[in-house]
Structure formats: structure tokens, C-alpha cells
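Colleague: Give me a model of this one.
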Amino acid sequence: MRGRLRDVRNVFERSLTELSADAVESVLELIAQKSLYKGEEWDGVLRQFLKLHREYHALPASQRAAYCWRTAMRVGPVIGKIKNHSIGVLLANISEGMDLDEAVRKYEQIVAPTNYKRPKAIFTKKMVEEAQRTIEELGLAEALDRRYATLDDIRVPNILFANRDAQRRMGAGGVFEQLAAETRARSKQFGKLEEVSIDAFVGEILPKATGVELYLENGHLGNLVSLVAPKNGCDKTLFKWNNGFSWAYKGNITDSMKERVKAAGGKVDGVLRFSICWNEGGDNVNDFDAHCVEPDGNRIYFGNKRDHRSKGNLDVDIIRPTAVAVENITWPDRARMQRGNYTFGVHNYTHRGGRSGFTAEIEFDGQLHKFAYDQEIRQNDFVTVAEVELLPSGEFKLTEKLPSNVTSRDAWGLKTNQFHPVSVAMFSPNYWDAQDGIGHRHYFFMLAGCVNDEAPNGFFNEFLREDLMPHKRVFEALGAKMRVAPAPDQLSGVGFSATKHAAFVCKVDGAFQRTLKVNI
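Modeller: Predicted coordinates for the structure are as follows:
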């Protein structure tokens, strides 16, 4: 009995000396925000411990040992040994100076299920005050308000192409008329579909084009993008580049399905990746499952998530979607994989009334292949997406299996499987004004009549200047709070990252009309 009391007393004393009051207050604030998994269970315990902590540190050093004996006997093992509980690990990590987000992540690894997704960004009142002080010191308060960019905002040198309507709006007719005059020799129909690289398209074809129409495919829905500007015309920027413009893709993300997978805790840096995405319109809460059958017949899916031989791993498994849902399978090491065919598909495990399909990605060797399936998948149906063969040479070879999809869809005021006029084309703002190497380059083709109806974030942490990154949790919440208000006059269209394999078809008017497939 005496030994157990001594143990409680000793752990209680270490808890009082090693856990800081600031750490306890931060965790209590997270609990109040409902940002901590099952945090409410610890609320009363932590409040009592904080009271005892303050009593202990208010005593002269000579009285603290006796206080620990008396109090440990009274409060019992839950508070007496708080340092040894899961919440104590969180408090200790924060007290030792670990980043709050990392400390909470380690706590969640102990107590939360593998598919748990935190409902809110993590920040405290102290963090908000520090971020506000930094914003005021840097004079960035006005830069926080965001709106959709319009043609009036864009400088001519940052435009790769503008149609006649856009030229008149920008007051830049003279510049573009001069270029167009060089191309008006004669007009003829160019029936053959040519393939060109994005570099040749931007450098050689767009400067001489008088009109461009882009064919919007179902597979491009994830490429829908909007350009966002500072609302007050603030000259100072929140971002790594030298202007105040940013962008947001459909689904309120900075890039693609890969970002959603990363946000859900999945790995995206393997030698082979298969990801699926559904419920983008909030109308499909079916339980879709990603499957892969490996060359030896082993099936990786929710019932067998990891192959210990090949190291293939299903690391995101969404059972009941509450938002846009993803699942993800990756292989980290080509040398461990068997030679032969890997068959990828999607199974509808539970049909809950959703009638929309899914999109999918397969990525290897720096190439990204996208797929779209728009039809309803009935209970227990299985849709094969593709096969990837790992050849004896160690190379991957892809064979598409998904049926071609011709059903037109409506998105952002446009119909898919149709050509739409490009009003302006440009690089992403991090490559304006001859800037280079500040993140990934994107190619934006703004389409006439394209109107984003999603109210995206005003900005994303991936864009922030380095001196703002210490406050990234506060900025994550600010970006979500300061949404871009709806506006009919906006620059929206489709965007493509230079780092991802993709393609689009377009018609180009100039000296003659051409129909091109542009490869990125």
C-alpha cells in the first residue's frame, strides 16, 4: 500500500514540475473548440489539475514535498498519475516545445481510430494573438480580404493569350491586334488532330492565335480553377511570390485529388499510386472501396489492407462519407513488387442511394493518368479501371479498362464534352513577371461563362510567406473563414499543373484552323 502511494506521489510531483500551465491551458482551449478527439472526457480532470498546479507553484519550495504527499493521497491515481495517461503525453510534448499540431497528431495516434479526421484546425487564443500581432507589424491586414479576380486586374505582360472580347475589356487591343495581323494570311480547315507539347503550345502557337476553344472533358472537372485577388487592391502580399493573387481548384483545394489524399492521411510519394474520389457534389454517400489484385492473386482492399511482401498498402479507407471522399493504395518500393499485372477497380460495398460515379488516378514514373466514371454503380458491382503491368525490365505499362464515358455533366455553368471559348490564358501567379521556381507552375485557361459556385478559401497555407508559417494554424482557420463571395464577373476555367501528366484538346484559329491535342 505504501509503495503504491509513493508511486502516485512521485508521478504527481513530476506532473506538477514537468507539465506547464500553458500546456494545460492550451489543451483546455482545444477541448472547448471540440478540436481534440474525445477531449471532453478530460475537461474536468484538467481543470482540477490546473488548480492544483497553481497551488503547488504558489508555495515556498520547502512546502512542496509535503503538498505532494497530502494531495496525491486525496486526488487519486487519475490526477495523481496524469503524466502517464494519453493526455499526459500530449501535455508533456507541448510543455517540451513540440509544435502543437505535431503533439496533437501523436496524441491522436494513441487514442483515435485510423480513419479519424480532425474536424477543425488546431489553434489557441495565444496563437491567434501572436498571428494578429505579426499581421499588424507587417501591414498585411488589408491583404486578408479576398475576391475573385477579373480581367481588369491582370497586366498584359502576364497574359499568354486573350480573345477579342478580353482584349477590348483590357484596353489592350493594339498589342494583340499587332500579333493577330501577322496570322491573317488565309483560312483553311485543318482536319488532322495534331499532338503538341505544352511548351510548344504556349511558346509558338498561342502568341499567333486569334481564337482558342478548349474541349472540356468529364476528366477535367477536377481541373476547374478560379483566380483569386486581394479585395482592397493591397500592394503587400501574403504569398511567396511578388503579387497578391492566388488560386483555388474545384473542391476548394490548391491542386488535385492528391491533395485530398494527403489531407486524409494517405501517402502520395510511392512508386505506384491508385486513388479514387467520390461524393464531390455531396450527393453520393455510398461506401466505395478501392481494390487492387496483384499478380499472385492477392487482393488489397479494406479487408486486407497491407501486403507484407510487396508493401502495397491501403492507407485511406472511407466508410461513410460526410464530405468529398477518397481512398488510396500505394507501393513504396518497386524492387519488392512482383512482375506482372496489377488490376485496379472500384467496388460498391454499400449502396445508399448515390447515383454519381467516381474519379480515379493512377500515378507512376512522374505520369498521372486520370479516369472518370459517371454512371451509377449498383450494390456489389465492381468497375475495373485499369491494369498496370510491371515488366521484367522494371518499367510500368498501363492498359485502360474503364469504359469510355460520354455522358455530359454540368459544372460551374458549363457542360462537359463540349468546346468552350478561352477568354484568357496565363501561368499561375507564382510565375508572373518572369518569376521562376516558386512552387509548381500551373497553366490556366479561363473559359467564357465559367462561374465558380463553391465559395473557395481566400488563401491556402501552401502559398504563405515563410515569415507567416509560424502562424500556419491560425492562417488555415482564417483562409477557411474568409471565403470568396459569389460574383458573376470572375476569371475561372481549367488549370493544369506542369508536374502532372495530363492532356486537353483545343481548336485554334489563326492563319488556319487547327485541332490540337496538347500534352502536359
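
Colleague: Strands of the stretch 151-300 of the chain, start to end?
Modeller: Using DSSP state E, counting those that start in this stretch, the strands of the stretch 151-300 of the chain run over 161-162, 189-197, 211-216, 224-230, 246-249, 272-278, 287-293, 299-300.

Colleague: Could you measure from Gly76 over to Gln48?
Modeller: Gly76 sits 11 Å away from Gln48, taking C-beta to C-beta, to the nearest Å as the criterion. From N, CA and C alone the C-beta is placed, and that goes for glycine too.

Colleague: So for those two, which sits in the more crowded spot?
Modeller: Neighbour totals were compared for Gly76 and Gln48, and Gln48 leads with 14 against 10 (other C-beta atoms under 10 Å).

Colleague: which one is that one nearest to, not counting chain neighbours?
Modeller: Ile79 (6.1 Å; C-beta to C-beta, 6 or more residues apart in numbering).

Colleague: how many other residues sit next to that neighbour?
Modeller: Under the criterion other C-beta under 10 Å, the count of neighbours that Ile79 has is 20.

Colleague: Next: the one 10 residues further on.
Modeller: Residue crowding around Val89 was assessed by other C-beta under 10 Å; the count is 17.

Colleague: could you check the distance from it over to Glu96?
Modeller: 11 Å.

Colleague: Repeat that for Tyr249.
Modeller: Tyr249 is 38 Å from Glu96, by C-beta to C-beta.

Colleague: who's more crowded, those two?
Modeller: Between Tyr249 and Glu96, counted using other C-beta under 10 Å, Tyr249 has the larger neighbour count: 23 against 12.

Colleague: need the contact list for the residue nearest to Arg146 when sequence neighbours are not counted.
Modeller: Leaving aside its sequence neighbours, Arg146 sits nearest to Gly458 (C-beta to C-beta, 6+ apart; 3.4 Å). With contact set as C-beta atoms under 8 Å, 6 or more residues apart in numbering, Gly458 has these partners: Leu144, Asp145, Arg146, Val228, Ser246, Leu478, Gly479, Met482, Arg483, Val484.

Colleague: And for Tyr215?
Modeller: Asn417, Gln418, Phe419, His420, Phe504, Val505, Cys506, Lys507.

Colleague: can you give me the helices for this structure?
Modeller: Using DSSP state H, the helices of the chain run over 2-18, 21-32, 43-58, 61-75, 77-80, 86-95, 100-111, 125-138, 164-170, 173-181, 198-200, 257-263, 472-481.

Colleague: buried set for the first one?
Modeller: By neighbour count on 16 or more other C-beta atoms under 10 Å, the buried set for helix 2-18 is Val8, Arg9, Val11, Phe12, Glu13, Arg14, Ser15, Leu16.

Colleague: Next one: the closest residue to the third one other than its chain neighbours, what pLDDT does it get?
Modeller: Looking back up the chat, that one is Val11. Nearest residue to Val11, sequence neighbours excluded (C-beta to C-beta, 6+ apart): Lys81, at 4.6 Å. Lys81 carries a pLDDT value of 88.

Colleague: So Lys81 sits against Val8, correct?
Modeller: Yes. Lys81 is within contact range of Val8, at 6.0 Å (criterion: C-beta atoms under 8 Å).

Colleague: Burial check on the spatially closest residue to Gly88 that is not a sequence neighbour, number of neighbours?
Modeller: Using C-beta to C-beta, 6+ apart and skipping residues adjacent in sequence, the residue nearest Gly88 is Ile82, 5.0 Å away. Ile82: 25 surrounding residues under other C-beta under 10 Å.

Colleague: I'd say Ile82 and Val45 touch.
Modeller: Yes. At 6.9 Å, Ile82 and Val45 qualify as touching, with contact defined as C-beta under 8 Å.

Colleague: who's Asp509 bridged to?
Modeller: Taking DSSP bridges, one obtains Gly211 as the residues bridged to Asp509.

Colleague: count of neighbours near it?
Modeller: Asp509 - counted by other C-beta under 10 Å - has 16 other residues nearby.

Colleague: Low-confidence stretches in the stretch 101-250 of the chain?
Modeller: Applying pLDDT under 70 to the stretch 101-250 of the chain flags the ranges 113-124, 171-192.

Colleague: switch the cut-off to 90
Modeller: For the stretch 101-250 of the chain, applying pLDDT under 90 flags the ranges 101-146, 152-158, 162-194, 217-223, 231-236, 249-250.

Colleague: need the contact list for the closest residue to Asp433 other than its chain neighbours.
Modeller: For Asp433, ignoring the flanking residues on the chain, the nearest one in space by C-beta to C-beta, 6+ apart is Asn242 at 6.3 Å. Taking C-beta under 8 Å, 6+ apart as the contact definition, Asn242 lies against Trp432, Asp433, Gln435.

Colleague: Would you convert the residues you listed into TSV that also reports distance to Gln490, neighbour count and pLDDT?
Modeller: What follows is the contacts of Asn242, written out as TSV (distance: C-beta to C-beta, whole Å; neighbours: other C-beta atoms under 10 Å; pLDDT from 0 to 100):
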residue	distance to Gln490	neighbour count	pLDDT
Trp432	18	18	95
Asp433	22	11	91
Gln435	23	16	88
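
Colleague: Check what pLDDT the residue lying closest to Val128 once chain neighbours are set aside gets.
Modeller: In space, and not counting its chain neighbours, Val128 is closest to Val474: 5.4 Å by C-beta to C-beta, 6+ apart. On the pLDDT scale, Val474 is placed at 79.

Colleague: Report how many residues lie close to Val474.
Modeller: So Val474, with other C-beta under 10 Å, has 22 neighbours.

Colleague: what about it, distance to Glu25?
Modeller: 17 Å.

Colleague: pretty sure Ile248 is touching Asn457, no?
Modeller: If you look again at residue 248, you'll see it is Ala, not Ile. Yes. Using C-beta under 8 Å as the test, Ala248 is close enough to Asn457 to be in contact (6.2 Å).
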